[in-house]
Structures are given as structure tokens and as C-alpha cells.
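Undergrad: coordinates only, sequence not included:
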């Protein structure tokens, strides 16, 4: 193992990587695009309310106006009015409306008279926005009932965030996307490089020099540490700048990036080595990568997935890297981070052995 | 033998049911250019790859510079240079960078300028590999093979796919290398190339060495000597066959006769004159390596 060989190979590989547009795109542009898109979709910075259509048949009656004001003050819904002259059922289906509330013409008078009144709510229970509108209506109506019956709240819930660091979705997104980059950059390019060097007989050419397989692999490992480190820094920077992300930056991040890159450079080498052709390598790479891309807690926490999917997630190597990154960056839970570190290191070591067993520069 | 750089005997290599190399013997002497000739699929590349230590023979003995290519691989690497067939390299790396990279790996002084000028590639030193022409790529392959200043060079079809000009440039370089005292094992399927460059030639067919020696030795041993090629007719060809007892063919315009005795020549010409055919072509020639090669390879394939 010679450092000068590793550095010479790193220099050449780095140059050839930096000269390819795909490499640069996936390193610098793609992570930013991802964080911009997912950050914009999920960050709850005021913009995200669900539409609620209201047909107010009770006009300017104070009770009806109070109800509307109450709904507005939840900040959960944006109210759109349905003209009083139309048939609500037809209107709802015609405009594909997911949540529509009707305030009947006798609303104020019944409430004033001490009677009961029903508010028709047209909804689609399978749609989240419909459920949210339903919850907003429920909460406002409950408050009305309490006021009219002159009762008051007895039990209150005092919320505490489960984290000392994270406040919004984007804070969880950053560790997930760093994990995503650690997975995809080495997986896709190493799998491709190994299969195409094999096809183009570049490995055969290299085998004629004193460079060894181990040195070559170590140089790829170093290169993708540099690339993943850059991507991670870029994503954290962009997340903080554009979405006010709050993450804990900690030296503990370093071992996870190292182990994660080691894991997927090895796995990518293995995938490229067992493939017979470049196309085959792409297929094998995708089969390995895609489940991990979505089920390891990259774009959303695995806790929102059904139990059986969560069990599958525990078999995905990336899960332990992302779980560890979350433990460090979001929860500052170092005990969990240590456990994840040990598990991911063992998986990486296994992949490395697998890669060295299958990755050959010679033909039999 | 002390002056051999390559000694191989009884080489065998099978791919499944196909016996690619079937008991091949080969010896290359120090300072010579030895050319392995053979049709596609004869086992040339498998042989050279076994000699290079890239493939493991099923059986047989190999000595490269007195060492075993499979066991002493790293020591041999420093003293031999190889252009594999269909040389390829990292797409977005320039010739200069590639040579510097190899020089660092071998731990030898960087002499990219000297090497690039030797093969006439200096002007392209900053062009990405992917943008080089086929001939320029092969030249870079040769530069990389020369980075460690090897004593022995393996050139596997170095001119295949090159245009005539590029091929001649490559020949010039190979001659220069020979003049520097390097031993060279060259495979080719261009007869002309072997005749021009090689001190000795080995003809490979069906995984065996069916002839070896200098081109002249091979012609003498396996050729049928001289032949006379002259304008003629079917009738003349018939008479010539009767009178000389030699093989005589007629292609519709010319007859071609094997000549055994000098006196056959005026006799045949008399027969042509008597027939009244006007002589427009007259050639007495010795069989070339190509004639012998085609005959030998053809006869083995039958």
C-alpha cells in the first residue's frame, strides 16, 4: 500500500470526474435542487394551509361571521366562498373540492334560540387536506359549543418538541439528504466506473502497473469522501440560508460520512464487479439503490411508514447511517449514534470483503 | 537458453469446450522482434496474455526474463511493457497526464515530453483521450508501455484499425525501439507487417505453432519455391502440365506454373509462343511469406 500510488490515482480520477458534467451535476446541483424542492414542499412556514370552501346561507349574521373568523384564526385553512345560489353537491363534484362546509340560513337563529343545528361538511376522508379542514372545523365548533354552554376548558396540553435542535421538517430533511448523497454519488458512479473500466479493459491496463486493487479502491474512497463532504456542506449551508434549518454541527458527523462512503464505495464496486455489462451494472445498481433511497428515512422519517415497511427499513444499510446522522444532528443523542456507528461499520466491512472477493483485474 | 527473454513450452488454455491454445511452444531471443502471425481465433491473444501474466495457463511452462509471470508478477511488471489489444484509457485524461500518472506509479522519472515526441504525439499532449484518433490512442498505449523503459515489449496487434500512414508511423517507432536493443513480441494479422519488422516469425493456427523461423526459413521449409506467371490459355496450361509434370493453373488469362528446373522456363515460354498468345504479362517469382502463410493456415483449417 503506497500513499504516492493512491494520491497519483486520486489526482487522475478526480480530474476525470471533475471534467464530466454528470459528476458535477450530481455533486453540486442535485443536492441543492433536492433540498430546495423538499424544503419548499414541506416547510411549514405559514404558506401551507388547506383550502376550505364555504357556502354561507346565513349572510352577515354575527354567529356565521364569528364561525368564519374562528376558522380563519386556526391558520390551517384558506377559505373560499361558494355562491349561495348554487347546488353544493354539484358544485363540489364539478370543482373537485376536497372540503366544503355549508352554513345553513337558520344558523344564527337556532343558536340564538338554544336549539341544535347541523353543518353539512362535504369531504373526502382519504385526502389529508380534507382531514385537516375537518379538524379545523371540529376545533372551532367545539369552542362555539363551550362558549354557548358557558363551559370552559379544564385540560390543556402543553407541547414540548422532542428535540433540542430541530424545529421543522427541513431540519429532519438535511440529515436524510446527506445520507441520500452518501448513498447515490458513490453507488451510481462507482458501479458505472467499475463496469465500464472492466469493459474498456482499463483495469487490465492498470494491472500492468504497480498500482494494486486495494490502492485503487482506497483512492475512490478518498475521492467520494471529498465529494460527499462538499455536498453535505453545501446542503447544510443552503438549508440554513434558505430555510432557516437548525441542525447541530458536530464532529460526530465525520465518522458517519466516512463509514457511509466506505459502505457504498464498497457496495458499488461489488455491484459493478458482478455485472457482466454496463447495462447490467446500471440495473443491479438501481435494484440496490432505489429501496434505500426512499425507505431509509431520506425524505421522510420512517416512523410515518406502516410497521411492516419499518421492519424492512431496518434491513437497509443506509438506515443506520441516516439514523446516526439524525441522532447527531437532530436529537444530539450520542448513545444512539454510537450504536448506529458500530452497526454501519460492521455492514461496511462486510461489503468491503464482498467487493474485494468479486472485484478482479484479471481474466481467468 | 541464456539469451532468451521469453521461453514457453506446452502451453494449454481452454475456454469451456474450446481449446484456444493447444500445446504451443515459443522462444524469443534477446534483442529480436518476434512476430506471432495467425488468423483471427488462432490463439495469438490468449498466448500473449498468458505470457504477460494476465491469464493463467491450464498447463505449460513460461519463463519471462527468467521469471514466472504468475508468481514474479510485480518484478516482471517493472521490466516489461505491454500494449493490450484494443488499448483504451480513462476518457477525460490527456496523454501527458496519463504518462505522468504511470511514471508516478512505476516510481520512474517523468519523461512525457521525450515519449510523446518519440511517437509524434506531442502536439496532442493536452487533448482528452476520448478525442484522440485511433492511431493517436495506440501511440499513447505505446508511450504508457514505455514509461518504465522496459527490456521486453509485448505489442498485441498494435496497428489493427489504423490507416496506412498511421501504421507506417508505428512501424518506424517499433524499428527505433529495436535499434535501442529492446526485445519485442508482436502479434499481427498483417503479413506485410511481420515481413517488414520481424527478425523471426511464428505462425499460429489452431492453438499450435505450426512454423517458426526467419521469413526466409519459413518460405524455404514450407514453400514450394518459384513460380512462373505468364499470359496463356487453357490449351497451353494442359500442355505445360503434360511436359513438366508440375502443377499449372489457368485463371482465364494467365497461367501459373511451379518451377522446379531452370530449363522449364524457356520450355514454357516456347509453348506460349507456339500457341500464338500475345504475351502481356511475364513474371518469375519466389513464393512470399503470404503465399506460404495462406497455404499453411488454409491446410490446417481444412
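TA: Sure, I can see it. Only a predicted model underlies this, so the values are computations on that prediction, with no experimental measurement involved.
Undergrad: Only C-alpha atoms from now on, for both contacts and neighbour counts.
TA: Will do.
Undergrad: My guess is residue A:257 contacts residue A:182. True?
TA: Yes. Between residue A:257 and residue A:182 there is a contact at 7.1 Å, judged by C-alpha atoms under 8 Å.
Undergrad: Are stretch B:5-19 and chain A in contact anywhere?
TA: No. Stretch B:5-19 stays clear of chain A (C-alpha under 8 Å from any C-alpha of the partner chain), getting no nearer than 9.4 Å.
Undergrad: What mean pLDDT does that stretch get?
TA: Regarding stretch B:5-19, the rounded mean pLDDT is 93.
Undergrad: Within range of chain B, give me the residues from the stretch 51-200 of chain A.
TA: Residues of the stretch 51-200 of chain A lying close to chain B (C-alpha under 8 Å from any C-alpha) are residue A:200.
Undergrad: that older thread, what residues are shared contacts of residue A:257 and residue A:182?
TA: residue A:228 (C-alpha atoms under 8 Å, 6 or more residues apart in numbering or on different chains).
Undergrad: Could you look up the SS state of residue B:201?
TA: When classified by DSSP: H, G, I helix; E, B strand; the rest coil, residue B:201 comes out as strand.
Undergrad: Okay, it and chain A: tell me how far apart.
TA: In this view, residue B:201 and chain A are 26 Å apart by C-alpha to the nearest C-alpha, to the nearest Å.
Undergrad: Mind telling me what element the closest residue to residue A:62 other than its chain neighbours is part of?
TA: Setting aside the residues directly before and after it, residue A:62 is nearest to residue A:108 in space (C-alpha to C-alpha, 6 or more residues apart in numbering or on different chains), at 7.3 Å. Using DSSP states H and E, residue A:108 sits in helix A:107-113.
Undergrad: can you list contacts of that helix?
TA: Applying C-alpha under 8 Å, 6+ apart, the contact partners of helix A:107-113 are A:58, A:61, A:62, A:63, A:64, A:116, A:117.
Undergrad: again, but for stretch A:190-203
TA: Taking C-alpha under 8 Å, 6+ apart as the rule, stretch A:190-203 contacts A:204, A:220, A:265, A:268-273, A:275-278, A:281-282, A:285, A:361, B:87-90.
Undergrad: Which pLDDT value goes with whichever residue of the stretch 101-250 of chain B sits closest to chain A?
TA: Relative to chain A, the nearest point of the stretch 101-250 of chain B is residue B:105 (5.4 Å; C-alpha to the nearest C-alpha). Residue B:105 is assigned a predicted lDDT (pLDDT) of 95.
Undergrad: picking up where we left off before, burial count for the residue nearest to residue A:62?
TA: Neighbour count for residue A:108, taken as other C-alpha atoms under 10 Å in any protein chain shown: 19.
Undergrad: what's the answer for residue A:340, then?
TA: There are 21 residues near residue A:340, going by other C-alpha under 10 Å.
Undergrad: Indicate whether stretch A:212-228 makes contact with chain B.
TA: No. Stretch A:212-228 stays clear of chain B (C-alpha under 8 Å from any C-alpha), getting no nearer than 9.9 Å.
Undergrad: Report the buried residues of that stretch.
TA: Within stretch A:212-228, the residues scored as buried using 16 or more other C-alpha atoms under 10 Å in any protein chain shown are A:212-213, A:215-228.
Undergrad: again with stretch A:231-251
TA: Within stretch A:231-251, judged by 16+ other C-alpha under 10 Å, the buried ones are A:231-232, A:234-236, A:238-240, A:243-248.
Undergrad: what's the answer for stretch A:101-113, then?
TA: Using 16+ other C-alpha under 10 Å as the test for burial, stretch A:101-113 gives A:101, A:102, A:103, A:104, A:107, A:108.
Undergrad: any idea of the pLDDT on residue A:308?
TA: On the pLDDT scale, residue A:308 gets 92.
Undergrad: coming back round to it: which one's more surrounded, residue A:257 and residue A:182?
TA: residue A:182 (31 against 24).
Undergrad: Break down the stretch 101-250 of chain A into its strands, ranges please.
TA: A:121-123 (DSSP state E, counting those that start in this stretch).
Undergrad: Let me know the secondary structure of residue B:204.
TA: Once three-state DSSP is applied, residue B:204 turns out strand.
Undergrad: now the helices: where do they sit in the stretch 201-350 of chain A?
TA: Here the stretch 201-350 of chain A has its helices, by DSSP state H, counting those that start in this stretch, at A:202-207, A:213-243, A:253-274, A:278-295, A:307-313, A:317-329, A:334-358.
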